[in-house]
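Engineer: mind folding the following:
(one chain, ligands or ions: 2)
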Amino acid sequence: MYNKYSLKAEEFIDHEEVLASLAYADENRDNLELIDQLLEKARLRKGLSHREASVLLACQNPDKIQEMYDLAEQIKKDFYGNRIVMFAPLYLSNYCVNGCVYCPYHLKNKHIARKKLTQEEIVREVTALQDMGHKRLAIESGEDPVHNPIEYILESIQTIYSIRHKNGAIRRVNVNIAATTVENYRKLKEAGIGTYILFQETYHKESYEKLHPTGPKHNYAYHTEAMDRAMEGGIDDVGLGVLFGLELYRYEFAALLMHAEHLEAVHGVGPHTISVPRIKHADDIDPNVFDNGIDDETFAKICALIRICVPYTGMIISTRESKAVREKVLRLGVSQISGASRTSVGGYYEPEPEEECSEQFDVSDKRTLDEVVRWLMELGYIPSFCTACYREGRTGDRFMALCKSGQIQNCCHPNALMTLKEFLMDYASEETKKIGEALIEAELKNIPREKTRLIAADHIKKIEEGIRDFRF
Ligand code: SF4
Ligand code: SF4
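Structural biologist: Ligands and ions are numbered 1, 2, ... in the order given. The predicted structure is shown next:
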């Protein structure tokens with residue numbers, strides 16, 4: 001039976017509740033009176049429940065869909081302004097004992113190159129990432145207790161934080177590794193990680209078990225309850241995500257919101273981020289064999305509705321998506337994007353030889369970080385390399401409380417400008433620098449509090465003189 005307070009996966013993601021929500025959504029998809037009420041409620045910026053959100057997702061009325069997009073855009077502006085936080089993935093190892101049928105790292109794939117970065121190689125990769133201007137990484141690894149035990153992950157995190165090259169520094173390491181024990185989550189917390197990210201892939205238990213036929217990941221409950229264990233281990237920033245294309249998107253959408261409601265109900269804090277990957281081509285993986293692919297329009301609608309339904313949760317999009325799709329969803333609610341990503345194990349320091357192919361999926365957006373930063377600014381966004389909250393201890397409910405009070409705006413905007421200034425000084429091309437300097441000058445005026453504005457302007461001057469790492 002559905003119970004969002006339960007710690008059992010099959011109760012907080014109750015299959016019958018998902019089906020009932022979808023049936024309710026179908027019954028009401030043309031009920032314009034209800035849809036107007038829901039949009040009115042969403043305008044209060046307190047979010048919507050999975051059942052309410054499912055009605056909006058089912059609605060096909062073009063005028064109402066436009067209202068959803070407009071509202072998502074407005075909420076995005078109100079909570080996130082025009083800032084976009086930048087990050088890069090770093091694949092540590094593609095050894096994996098699981099049998100996930102949508103991922104080329106599955107155990108039975110014998111022709112993909114298996115690699116695991118040594119600590120020396122991590123230094124090289126991270127130095128290359130620092131030389132692009134990155135400050136925030138998401139580390140990724142397959143599940144393999146022999147090749148990638150927790151000790152390897154912890155050592156790698158320590159290595160990453162210790163690397164200083166010119167003015168470079170990785171200031172926040174987010175971690176995307178397999179579901180693990182409370183004890184291991186505690187160790188990750190002690191290692192100073194930012195967000196723990198784990199994609200559910202699909203919430204549909206039956207499909208989940210078919211898509212994960214072998215290996216520890218086959219255990220649906222263990223995987224789905226991972227965020228509860230992470231929180232028990234002291235990690236209060238967790239990132240959810242489903243792999244769109246595996247199951248019916250409406251099912252995933254409702255269940256994803258149920259998961260967010262569960263975390264909020266049990267731990268008092270919802271997910272820090274939601275990622276929205278779509279299945280992509282990769283070595284021995286053809287996305288067309290999965291029947292549930294979604295088109296760009298549906299994808300945009302999902303992004304807009306996530307923004308409306310969980311306004312305080314950051315939304316992440318990767319280089320899986322093309323420039324055009326990224327441009328569209330940035331407006332609708334995405335707050336974090338990766339740039340210049342390599343999805344192979346290694347590849348930042350020097351491109352991987354073609355015959356070695358260790359990529360997890362094909363990258364659609366292949367631009368350099370400098371190009372992505374310039375593109376964002378030309379679209380009117382402020383690329384931000386900010387990592388301040390985590391380093392100031394503003395995580396979990398402290399972060400959410402600040403966010404809900406609207407106060408976070410007084411930190412994000414000046415932090416974005418200061419970290420962009422660092423990027424321009426240390427890594428940008430002349431053209432990017434020119435656009436960025438003009439942007440910073442104009443955007444400084446948009447810091448509402450006079451005192452903060454003056455301090456930010458002073459810090460920016462000091463960055464010009466060579467001092468780094470200011471933050472509010
Ligand atoms: S999705 Fe993760 S767990 Fe599954 S095969 Fe790929 S790396 Fe391994
Ligand atoms: S101040 Fe906090 S919420 Fe704002 S961009 Fe920086 S890290 Fe993110």
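
Engineer: where does the prediction get shaky in this structure?
Structural biologist: Judged by pLDDT under 70, the chain has no weakly predicted residues.

Engineer: ligand 2 contacts on the protein?
Structural biologist: Contact residues, the chain versus ligand 2 (C-beta under 6 Å from any ligand atom): 85, 384, 386, 387, 388, 389, 408, 411, 412, 415. From N, CA and C alone the C-beta is placed, and that goes for glycine too.

Engineer: tell me how many other residues surround residue 398.
Structural biologist: The number of residues packed near residue 398 is 14, by other C-beta atoms under 10 Å.

Engineer: confirm that it sits in a helix.
Structural biologist: Yes - counting by DSSP: H, G, I helix; E, B strand; the rest coil, residue 398 is found in a helix.

Engineer: how much space separates it from ligand 2?
Structural biologist: Distance, residue 398 to ligand 2, using C-beta to the nearest ligand atom, to the nearest Å: 11 Å.

Engineer: and that residue, what is it in contact with?
Structural biologist: By C-beta atoms under 8 Å, 6 or more residues apart in numbering, no residues touch residue 398.

Engineer: re earlier: which of the residues of the chain next to ligand 2 lies closest to ligand 1?
Structural biologist: Nearest to ligand 1 among the residues of the chain next to ligand 2: residue 85, at 24.2 Å, using C-beta to the nearest ligand atom.

Engineer: and for the closest one, the neighbour number?
Structural biologist: 25.

Engineer: how near is whatever residue of the stretch 151-300 of the chain ends up closest to ligand 1 to residue 138?
Structural biologist: Across the stretch 151-300 of the chain, the shortest distance to ligand 1 (C-beta to the nearest ligand atom) belongs to residue 217, at 5.1 Å. Look at residue 217 and residue 138: by C-beta to C-beta, to the nearest Å, they are 19 Å apart.

Engineer: kindly report the same for residue 320.
Structural biologist: Distance from residue 320 to residue 138, by C-beta to C-beta: 13 Å.

Engineer: do you know how far the residue of the stretch 151-300 of the chain closest to ligand 1 is from residue 103?
Structural biologist: Distance of residue 217 to residue 103, given as C-beta to C-beta: 10 Å.

Engineer: does the residue positioned nearest the centre of the chain count as helix, strand or coil?
Structural biologist: Closest residue to the average C-alpha location of the chain: residue 316 at 3.3 Å, with C-alpha atoms, centre = their mean. Classification of residue 316 using three-state DSSP returns strand.

Engineer: so what's it up against?
Structural biologist: Contacts of residue 316 (C-beta under 8 Å, 6+ apart): 87, 239, 241, 273, 274, 275, 276, 334, 335, 336, 337, 338.

Engineer: got the contact list for the residue in the stretch 1-150 of the chain that ligand 2 sits nearest to?
Structural biologist: Relative to ligand 2, the nearest point of the stretch 1-150 of the chain is residue 85 (5.5 Å; C-beta to the nearest ligand atom). Contact analysis of residue 85 by C-beta under 8 Å, 6+ apart lists 136, 314, 335, 336, 337, 384, 385, 386.

Engineer: cool, thanks, signing off.
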